[in-house]
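In: Model the structure of this input:
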Amino acid sequence: MQQLKSMRIVIALALLMLAGGLAVAGDVATLVNLGFSADSNYYMFGYYGMDAATAKPYAEIYIVDTRSNSFVPNGVFRGSYAVAPQPGLNPAGAFYRLFAEALPTARRYNIDHLIQGRIIYLFMDTGERPDTISFRDFRDNSQWDVNLRETIEQRGDAVSSSFGINFSLTRTDGRVSTFNAGNPQFRRANVVDYAIQQIVLGPDNRTVVFIVDRAERVANQPVWRYMVETIRQP
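Out: Sure, this is the predicted structure:
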């Protein structure tokens, strides 16, 4: 099943690149963890890169209410900047400019950029993008079993998709808890694949942040962006 999924993704992206006559690998964003509030109620993250289609540096920043798994009011920031291309241009400059705009909102929600949580899972790019993940948190010796369920629908040239996350947590005393994250009913246009890049525990050790990499089709070019799904364990 995983091999079929990987083959489908490779073929889809290959056709996408051929259709656009691409000679580049695509637009891959750089993720930035911007921290939690001390009570884990809010999480801030962003990413930046160079838009392969427009050659403009861009950045996006989000503040999430981890209890409702939704953006806070006025908590979405996006910027794309028309600058003359120069040798050595670092698209991080776009992120710095946008971060200055987002900072007052971050302060309103008591985001502490040094409280970044604890990474308990980190995807290592080996060519596979697994939907099923099993690992042990060595701090408390709990076992995590995570399954990302995605649905991809193509009608003619139009592609849309959705996903949800199921996971179980087995503690050392044998207790098993199961949880669901994400919204499988919410469909995203032009997204052809999802993969969990990181799983982060908030400072309360109960708030779980799934950082998801989504592969998009934009102007006949492969584009990779980030999103999060959050859930709080009881």
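In: Every contact and neighbour count from this point should use C-alpha atoms.
Out: OK.
In: Quick one: the helices in the chain, in order.
Out: With DSSP state H as the definition, the chain shows helices at residue ranges 2-20, 92-108.
In: Most distant residue from the centre of this structure?
Out: Ranking residues of the chain by C-alpha distance from their mean position (Cα atoms, centre = their mean) puts Asp173 at the top, at 32.2 Å.
In: Roughly how far does that residue sit from Asp65?
Out: Asp173 sits 31 Å away from Asp65, going by Cα to Cα, to the nearest Å.
In: sorry, back to before: weakest of the helices of the chain in terms of mean pLDDT?
Out: Ranked by mean pLDDT, these end with helix 2-20 at the bottom, a mean of 39.
In: Surely Ala38 and Ile111 touch.
Out: Yes. Between Ala38 and Ile111 a contact is recorded at 7.4 Å, counting by Cα atoms under 8 Å.
In: between the two, which one's more packed in?
Out: In this comparison of Ala38 against Ile111, neighbours counted by other Cα atoms under 10 Å, the higher total goes to Ile111 at 24 against 19.
In: And the pLDDT for the residue lying closest to the more buried one once chain neighbours are set aside?
Out: For Ile111, the nearest residue in space outside its immediate sequence neighbours is Ser37; the separation is 4.3 Å by Cα to Cα, 6 or more residues apart in numbering. Note for Ser37: predicted pLDDT of 99.
In: Going forward, the N-terminal residue is numbered 789.
Out: I'll keep to 789 as the first residue from here, and by that count the last item is Ser825.
In: give me the number of residues near Ser825?
Out: 22.
In: With Ala1007 as the reference, measure out to it.
Out: Using Cα to Cα, one gets 37 Å for the distance from Ser825 to Ala1007.
In: and if you look at Lys844?
Out: Lys844 sits 15 Å away from Ala1007, going by Cα to Cα.
In: Please look at Val1000 and Val988 and confirm they touch.
Out: No. Using Cα under 8 Å, Val1000 and Val988 do not qualify as a contacting pair, with a distance of 11.3 Å.
In: what's across from Asn968 in the sheet?
Out: Listed by DSSP bridges, the beta-bridge partners for Asn968 are Asn954.
In: burial measure for it, as a count.
Out: Each residue near Asn968 was counted by other Cα under 10 Å, and the total is 15.
In: Contact partners for it?
Out: Counting by Cα atoms under 8 Å, 6 or more residues apart in numbering, Asn968 touches Gly952, Ile953, Asn954, Phe955, Ile1019.
In: Save the residues you listed as JSON lines, and put in distance to Phe967 and neighbour count too.
Out: JSON lines is the format used below for the contacts of Asn968 (distance: Cα to Cα, whole Å; neighbours: other Cα atoms under 10 Å):
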{"residue": "Gly952", "distance to Phe967": "11", "neighbour count": "17"}
{"residue": "Ile953", "distance to Phe967": "8", "neighbour count": "20"}
{"residue": "Asn954", "distance to Phe967": "6", "neighbour count": "15"}
{"residue": "Phe955", "distance to Phe967": "5", "neighbour count": "17"}
{"residue": "Ile1019", "distance to Phe967": "8", "neighbour count": "19"}
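In: Tell me which two of those residues sit farthest apart.
Out: Greatest spacing in those, by Cα to Cα: Gly952 and Ile1019 (12.1 Å).
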